[in-house]
Every structure is written in C-alpha cells, then in structure tokens.
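Asks: Here is my input, please return the structure:
(one chain, ligands or ions: 1)
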Amino acid sequence: MNSFGRLFRIEIFGESHGREAGVIVDGCPAGVPLAAEDFLADLGRRKPGAPGTTARREPDAPLVRSGVHNGLTTGAPILVAFENTDVRSEDYAGFRDLPRPGHADLVARRKFGGFHDPRGGGHFSGRITVGLVAAGVVAKKLIRPAAVECALLEAGGSPDIDDAVRAAGEAGDSVGGLLECRVRELPAGLGEPFFDSVESLIGHAVFAIPGVKGVEFGSGFACTRMRGSQANDALLDAGGATETHHSGGADGGITNGNPLVFRVAVKPTPSIARRQLTVDLRTNAPAEIAVRGRHDACIARRMPVIVEAAAAIVLADLHLLGQNIPRIHGRDT
Ligand SMILES: Cc1cc2nc3c(=O)[nH]c(=O)nc-3n(C[C@H](O)[C@H](O)[C@H](O)COP(=O)(O)O)c2cc1C
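Replies: Purely as a prediction, here's the structure:
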C-alpha cells in the first residue's frame, strides 16, 4: 500500500500530473524543530538539472499544511504537499493503448481496470518520490547523530557517469546505475527479529522506489564466493567494532554499531526514444513505440537522496520501536 512504518508512519500521495504530490508523516514526536527551509537542500538534490535528467522543472516548494506550530512539530500528522505546475499530459496520450515496455502502463491498466491516471505515469511516476524525500528530511532529524550518505558509483557499468549518460542519451537510449549508501554513527541494537530485521525493512523501503531492481548489504552477492574465514568480520572489541564490513553493519538483522552499508541497483529508464516492440491494446497486434517527451536518461542520477530518505525513514521507525538500546534504557548491554 502507500503507507509504510509502524510508529514513524508515512503515507505518500499524488500523481505525476495531478494537482499535488506529497506525504503525510504520522508518529513524529512533538517538539522537533521543522521549517519549510529544512526541506530545500534534500529536495534540491532530487531535482533534475544534471545532464541526462528530465527537462521538467518543478519548483518543489514544500507546503507544510499541518503538524507544525511555531516552528516545532506538534505530534499531530505532518502533511507536506508539492504542487505540480510543469505538466504536459499530451505527451502521454498514446501510452494508454501502446504501453511502454519496462514501465507500469500495462500492469496499471490490468490491475485497475483502466481507471488509473496514466498522465506522466500517474502514481507510478518518479514524481511520487518528492514526498519520500520530504519524509526523509524529518526522519534524518530523528536519527541524529547518525548520518545517511548515498552516492552514485557508476552508470551503465562505468565510473565515468557523465560519459555513460551522454552516450546513452545520444543513442536515444538510457542507462542504469549502482548506488552505495552508508549510515555512520548508528547505535547497535536497531532491528526487530524476525521479519523486521534492519535489512528486511530497508530492503522493503528501497525496493519501493520506482526503478530499483537490487539491494545488497555489505559484500552481498560476493559472499557466495568467499569462505567463512574471509566473510566473517573479525571482532576487535566488546563493543563489536570490526575492521572489515562484509556483513554490511548488521548481524542477526540487528545493527552491530559499525557503519551500515548497502548497495542499490537501478535499472535504465524505461522511456527511451529508440523504437521498441510493444502491443497495440486496441487490436492486440504487435506495434512499435518510440517515447518522446521529457525523461531522465539515467534515473539513478536523482536517486541518492531518495535512497537516503528510505533508509532514514526505516531507521527512525526502528529508533522509536527499539527495545534494547542502552541510550533509552540507561543500561549497558
Ligand atoms: C526520480 C525518478 C525519476 C524517474 N523518471 C522516469 C522517467 O523520466 N521516465 C521513465 O520512463 N521512468 C522514470 N522513472 C522510473 C519509473 O517510475 C519506473 O521505472 C516505473 O514506475 C516502473 O517501475 P519499476 O521500474 O520499479 O518496475 C523514474 C523513477 C524515479 C525514482
């Protein structure tokens, strides 16, 4: 569904070309300083502008409609909305009957019986992540001093991101990307066995981001080629410090006090100018589609701050749920 979290609970809403997109954050403790300006830095990182990103320009001015009074959170739900102003719905008129391969056009039509909003990808658009980033700003405040930092390591398999994106764009094509997210100064003890392990919850939130196709913690899939003697992170002290981080900062689904590290695989943007095979839903006959309009040639470029938000939201929730954290219980474990 569109809501996520237990105590720190978010609900995202909106469509790409609807009136607004945004988020409701419920469960944020009262008394947290929060101003509209606090959102701007992270929102700016999600905005297009770099080469290979869409030409759509939204102001992304946060409208904080509830839950904040005199610059402090009140404990009531926080609603942050963003108006959609730069829409060109006519670019999408053809996709109703000629679904874009790799996008959600066909599955949305089948699941919602044709009642979905197809304009700009509707609720399946990357636009919806604006609310996720806003919730992430609130969550990042709650998890301090922990700091979440995500970066794009490569695009299309190359560390020369500009070159890979440019080459794909010139060919009317798109590229995917590999991101790495690190959380520093995270206390040990976050994560609830069994199903709410920290990896499960971060995986859940990160896989919800449109275009994400893989998440691995620490050495991830490479562990399958190691021996235990290589994969185990040797313990250096009773606090659980380790020099290597093959486990990614979690053991038994619980943070171990070392940096939490995970990588995210993002697929190439589905909408490409090159001709592709699709099906004409009016006739059920094969058809060709070449997607024009404004699209990101590499959606991974805009993803780091979105992944940070997903991680921070999970960690804020786990902080509130935490049972074995010395900081809360005032006892050493
Ligand atoms: C920030 C962001 C921007 C995106 N921009 C585009 C875009 O311009 N064109 C496009 O076809 N898909 C874009 N996507 C990806 C689609 O939303 C996504 O591929 C689609 O919803 C299908 O979901 P899936 O890839 O997770 O299966 C974007 C995603 C994000 C997170």
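
Asks: Could you point out the longest helix of the chain?
Replies: Of all segments of type helix in the chain, defined using DSSP state H, the longest is helix 304-321.

Asks: SS state for Ala151?
Replies: Secondary structure state of Ala151, per DSSP: H, G, I helix; E, B strand; the rest coil, is strand.

Asks: From Arg301, how far out is it?
Replies: Using C-beta to C-beta, to the nearest Å, Ala151 is found at 11 Å from Arg301. (C-beta placed from N, C-alpha, C; glycine too.)

Asks: One more: Gly120?
Replies: Distance, Gly120 to Arg301, using C-beta to C-beta: 19 Å.

Asks: same question, Asn84
Replies: Distance, Asn84 to Arg301, using C-beta to C-beta: 21 Å.

Asks: okay, these two: which has more neighbours?
Replies: When neighbours are counted by other C-beta atoms under 10 Å, Arg301 comes out ahead of the other of Asn84 and Arg301, with 24 against 20.

Asks: and the gap between that one and Ile161?
Replies: 7 Å.

Asks: quick one: common contacting residues for these two?
Replies: Leu152, Ala155, Gly177 (C-beta atoms under 8 Å, 6 or more residues apart in numbering).

Asks: what number of residues lie near Cys150?
Replies: 24.

Asks: Can you tell me which residues in the stretch 51-200 of the chain are near the ligand?
Replies: The stretch 51-200 of the chain has residues Thr54, His103, Ala104, Gly121, Phe124, Ser125, Gly126, Thr129 near the ligand, with proximity defined as C-beta under 6 Å from any ligand atom.

Asks: run the last query once more with 8 Å
Replies: Proximity of the stretch 51-200 of the chain to the ligand, by C-beta under 8 Å from any ligand atom, involves residues Thr54, Arg100, Gly102, His103, Ala104, Gly121, Phe124, Ser125, Gly126, Arg127, Thr129.

Asks: can you name the two of those that are farthest apart?
Replies: Pairwise distances across these (C-beta to C-beta) peak at 18.7 Å, for the pair Arg100 and Thr129.

Asks: Mind checking which of these two has more residues around it?
Replies: Using other C-beta under 10 Å as the criterion, Arg100 and Thr129 rank with Thr129 on top: 26 against 20.

Asks: thinking again about what came up before, just the residues of the stretch 51-200 of the chain next to the ligand: which are in helices?
Replies: Per DSSP H, those map to helices at Thr129.

Asks: Same list, the residues of the stretch 51-200 of the chain next to the ligand, but as a markdown table with pLDDT please.
Replies: Formatted as a markdown table, these follow (pLDDT from 0 to 100):
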| residue | pLDDT |
| --- | --- |
| Thr54 | 84 |
| Arg100 | 95 |
| Gly102 | 96 |
| His103 | 96 |
| Ala104 | 96 |
| Gly121 | 88 |
| Phe124 | 93 |
| Ser125 | 93 |
| Gly126 | 94 |
| Arg127 | 94 |
| Thr129 | 97 |
